[in-house]
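S.K.: Sequence and predicted structure are below.
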Amino acid sequence: MIFPISFGRRASLSSRARVLKGQMLEDEFFWSLLFKCHSMSEIALQLQKSSSYGSYLQKTDPSKVHRFQLESILSLVPLRESGKFRFLAGTTRWKVIEEWKGLYETDLLKKIIRHVYSGKEQGSQVLEERIDMIGDISYPGRELLQCRNIEEILPVLEKTPYYEVLKGPLENKDSGTDTLFPVEMAIDNYKLCEIFSSTERLKGREKKVLADLYGTRADLFNLYWLYRSRRFYRMSPEEMISRILPFRRHLGKKELRKLVFAPDLSSFHSLLGNTWYGKFIEYPENMDQGTVELVLERSINRIIYDKARRIFLGGVPGVHTAIAYLLLREYEVKDIITIIEDVRYDYSRRMAVLFLVRKMKAEEAS
């Protein structure tokens, strides 16, 4: 039985998501950014004129805005829009959205830890501004920024949810290495598990759809970090297995163990091709490693993007529709930032199109 209040909340969430989705950019706008804008200022001006981003850039001077400032403002648009669902969701469904919002908090935490670890003074102001823009976070961001080295981070986190999460990785951090990979993995694992757990109190289609979405995201997260751990970091198979997310969708334990114990990257590639995701993930072997990384990441993002798009178009109201919208908005912002980088460094615009998450109409037709 669906109670009237519950159905009303689901319908209201979906209605708000559809209104917001209607304001997102069309392909024509992206073509204009790529081929008619020749500087970051011109991109900022076009975005300021749009109904989609104008309200977020109304206090910004396009001729003076710094790239980092523009990208920071844009990257937080989905977070700011999540607040528009607050008084429509109710306690249980808002908890689901709040956990999704937590990804911005964890991303900031990783940035702060990288900043402290680098020992550089430059960049503190940008991080302070981001702390203010995100607002309510569960750790003392400014106090962390005052840390002089990575050893001072853990005591600052003592009364936060991240203390137990990072106690092992930070205490076992080898000062002779230049990677924070285990630390960042621990943060990501913690938050993704929290996000998945937030769906447990949902029922029916809302729970089923989000479990499928988050399970797929966990699969792809596992695949990508296993690839990176094999490619860049010397981690034992036991350590890799211990960091695999405990929930999944299309990847079983046996498949993951095979990938962990693959003797080399070529074997890893072959095994990856035999998984459920093999037909969707592009993994070119005849390109330089940087391009391989970009193609692989784009493939993974497109799988999530397409799933979110199908959820949104599914028509059944619920919090899953709001989450799907927020993901679509997140990927739209990622594509805009990609274009900003392409224009700034004067990369080939035709090549740039290939690395966008969205499949542009011209690309689909080719």
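M.R.: Nice, I can see it.

S.K.: so how far is stretch 340-358 from its chain's centroid?
M.R.: 19 Å (Cα atoms, centre = their mean, to the nearest Å).

S.K.: now do stretch 31-42
M.R.: 25 Å.

S.K.: So for that stretch, mean pLDDT?
M.R.: In this model, stretch 31-42 has a mean pLDDT of 91.

S.K.: So what touches it?
M.R.: 43, 46, 62-63, 65, 67, 70, 336, 339-340, 342-344, 349, 352-353, 360, 362 (Cβ atoms under 8 Å, 6 or more residues apart in numbering). Using the backbone N, CA and C atoms, a C-beta is placed for each residue, glycine as well.

S.K.: Buried among those residues? Make that a ChimeraX selection.
M.R.: Filtering the contacts of stretch 31-42 down to the buried ones (16 or more other Cβ atoms under 10 Å) takes a single ChimeraX command:
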select :43,46,62,65,70,336,339,340,342,343,352,353,360
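
S.K.: Correct me if wrong: S229 contacts M240.
M.R.: Yes - contact criterion Cβ atoms under 8 Å: S229 and M240 qualify, at 5.6 Å.

S.K.: ok so, going back, can you flag which of the contacts of stretch 31-42 belong to helices?
M.R.: Judged by DSSP state H, the subset of those located in helices is 43, 46, 67, 70, 336, 339-340, 342-344, 349, 352-353, 362.

S.K.: From those, pick the one nearest S270.
M.R.: V353 (29.6 Å; Cβ to Cβ).

S.K.: continuing past the helix or strand harbouring F196, what's the next helix or strand?
M.R.: Element membership for F196 (DSSP states H and E) is helix 181-197. Toward the C-terminus, helix 181-197 is succeeded by helix 204-232 as the next helix or strand (DSSP H and E).

S.K.: In three-state terms, how would V316 be classified?
M.R.: coil (DSSP: H, G, I helix; E, B strand; the rest coil).

S.K.: Show the contacting residues for the closest residue to it other than its chain neighbours.
M.R.: In space, V316 comes closest to R205 once its chain neighbours are excluded; the distance is 5.5 Å by Cβ to Cβ, 6 or more residues apart in numbering. The contact partners of R205, taken as Cβ under 8 Å, 6+ apart, are 316, 318, 320.

S.K.: swap in I244?
M.R.: 222, 226, 256.

S.K.: redo that, cut-off 6 Å
M.R.: Going by Cβ atoms under 6 Å, 6 or more residues apart in numbering, I244 touches 222, 256.

S.K.: Likewise for the one 3 residues further on?
M.R.: By Cβ under 6 Å, 6+ apart, the contact set of F247 is 196, 215, 218.

S.K.: same thing but 10 Å
M.R.: F247 is in contact with 192-193, 196-197, 211, 214-215, 217-219, counting by Cβ atoms under 10 Å, 6 or more residues apart in numbering.

S.K.: Now it: phi and psi?
M.R.: phi -120, psi 150 (degrees, to the nearest 10).

S.K.: And the helix or strand hosting L109, what's buried?
M.R.: L109 is part of helix 86-118, with elements assigned from DSSP H and E. Using 16+ other Cβ under 10 Å as the test for burial, helix 86-118 gives 88-90, 92-109, 112-117.

S.K.: go on, stretch 21-32?
M.R.: 21, 25, 30.

S.K.: With adjacent residues omitted, what lies nearest to the second one?
M.R.: Just to be clear, that refers to L25. Nearest to L25 is S52, by Cβ to Cβ, 6+ apart, at 5.4 Å.

S.K.: The one you found and F29 touch, don't they?
M.R.: Yes - counting by Cβ atoms under 10 Å, F29 is a contact partner of S52 at 8.1 Å.

S.K.: anything in contact with each of the two?
M.R.: I336.

S.K.: mind listing what I304 touches?
M.R.: So I304 contacts 213, 216-217, 220-221, 327-328, 330-331, 357 (Cβ under 10 Å, 6+ apart).

S.K.: Closest to P263 out of the contacts of R205?
M.R.: Using Cβ to Cβ as the measure, the one of the contacts of R205 that approaches P263 most closely is H320, at 40.5 Å.

S.K.: list the contacts for the nearest residue to M185 once chain neighbours are set aside?
M.R.: With sequence-adjacent residues excluded and distances taken as Cβ to Cβ, 6+ apart, M185 is closest to R243, at 5.4 Å. R243 makes contacts with 181-182, 185-186, 188-189, 222, 225-226, 229, 235, as judged by Cβ under 10 Å, 6+ apart.

S.K.: wait, which of the residues you listed is closest to V77?
M.R.: So of the contacts of R243, ranked by how close each gets to V77 (Cβ to Cβ), first place is D188, at 21.9 Å.
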